[in-house]
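A.B. asks: Next comes the sequence, and after it the predicted model I'd like to discuss.
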Amino acid sequence: METYISLLRGINVSGQKKIKMSDLLNLYNELGFINVKTYIQTGNVLFQTDEKDLSKISNMIQNKIKEIYEFEVPVIIRKNNEISTILKNNPFLEQENLDISNVYITFLNQNPLEEKVTKMTYCRGKELNYEPDKFIINEKEIYIYCSNGYGQTKLTNNFFENKLKVIATTRNLKTLNNLLEIGKL
């Protein structure tokens, strides 16, 4: 049985789309998932299921949330071992003099079109500069370094969604490492 981590986008932020974690835990149990665990209020849920189709799992969760709460919440899912690999492959961790508390990973619901990636990184043959922040796109993940913290960057979920035409949600390294620890239990 596979362990998955679902990352819900935009719940319990600034009083919007409120869902109690205990209610979310019950919702996942009602869907037939087992060993369900939640982590902090921003919509991180670990669970196990025999279902292998991530799109199907995501749709089940989204539809159930819409049925109960009458609002839409994008759900991005990764296997537990994928999160581990994503963290190990973080190119910013190899760079010296970077505050790792300012390193984030944005998860995309699908691979962006190459033309969209090129358009947001190059203009008239020149590489675009988003200093003092930096990002590196690697398939369905974007590694981000925000020199002044995520609250001060323009490299937000909305920025990437608008440029790449995909759904995005971002987590810090502490949250992701804690999710991996919880997933080992």
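C.D. replies: Thanks, I have it. Numbers count the residues shown, from 1 in each chain.
A.B. asks: Helix, strand or coil: sort out Lys174 for me.
C.D. replies: Three-state assignment for Lys174 (DSSP: H, G, I helix; E, B strand; the rest coil): helix.
A.B. asks: what about the spatially closest residue to it that is not a sequence neighbour, neighbour count?
C.D. replies: The spatial neighbour of Lys174 that comes closest, neighbours along the chain excluded (CB to CB, 6 or more residues apart in numbering), is Ser101 at 7.6 Å. Where C-beta positions appear, they are placed from N, C-alpha and C, glycine not excepted. Around Ser101 sit 12 other residues, with neighbours defined as other CB atoms under 10 Å.
A.B. asks: Let me see the contact set for Ser101.
C.D. replies: Asn172, Leu173, Lys174 (CB atoms under 8 Å, 6 or more residues apart in numbering).
A.B. asks: Save the residues you listed as a markdown table, and put in distance to Lys52 and pLDDT too.
C.D. replies: Formatted as a markdown table, the entries for the contacts of Ser101 read as follows, by distance: CB to CB, whole Å; pLDDT from 0 to 100:
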| residue | distance to Lys52 | pLDDT |
| --- | --- | --- |
| Asn172 | 29 | 92 |
| Leu173 | 28 | 93 |
| Lys174 | 29 | 93 |
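A.B. asks: can I get those in TSV with distance to Lys17 and neighbour count?
C.D. replies: Converted to TSV, these look like this (distance: CB to CB, whole Å; neighbours: other CB atoms under 10 Å):
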residue	distance to Lys17	neighbour count
Asn172	20	18
Leu173	25	17
Lys174	23	11
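A.B. asks: Closest one of those to Asn89?
C.D. replies: Leu173 (12.7 Å; CB to CB).
A.B. asks: Per the annotation, how does this protein divide into domains?
C.D. replies: 2-82, 87-184 (automatic domain parsing).
A.B. asks: The nearest residue to Glu72 once chain neighbours are set aside: neighbour count?
C.D. replies: Leaving out its chain neighbours, the residue that sits closest to Glu72 by CB to CB, 6+ apart is Lys66, at 5.7 Å. The number of residues packed near Lys66 is 12, by other CB under 10 Å.
A.B. asks: Now Lys66: which helix or strand?
C.D. replies: Using DSSP states H and E, Lys66 maps to helix 54-69.
A.B. asks: At which residues are the strands of the protein located?
C.D. replies: Assigned by DSSP state E, the chain shows strands spanning 2-8, 34-39, 44-49, 75-79, 103-108, 122-123, 126-127, 134-138, 141-145, 168-172.
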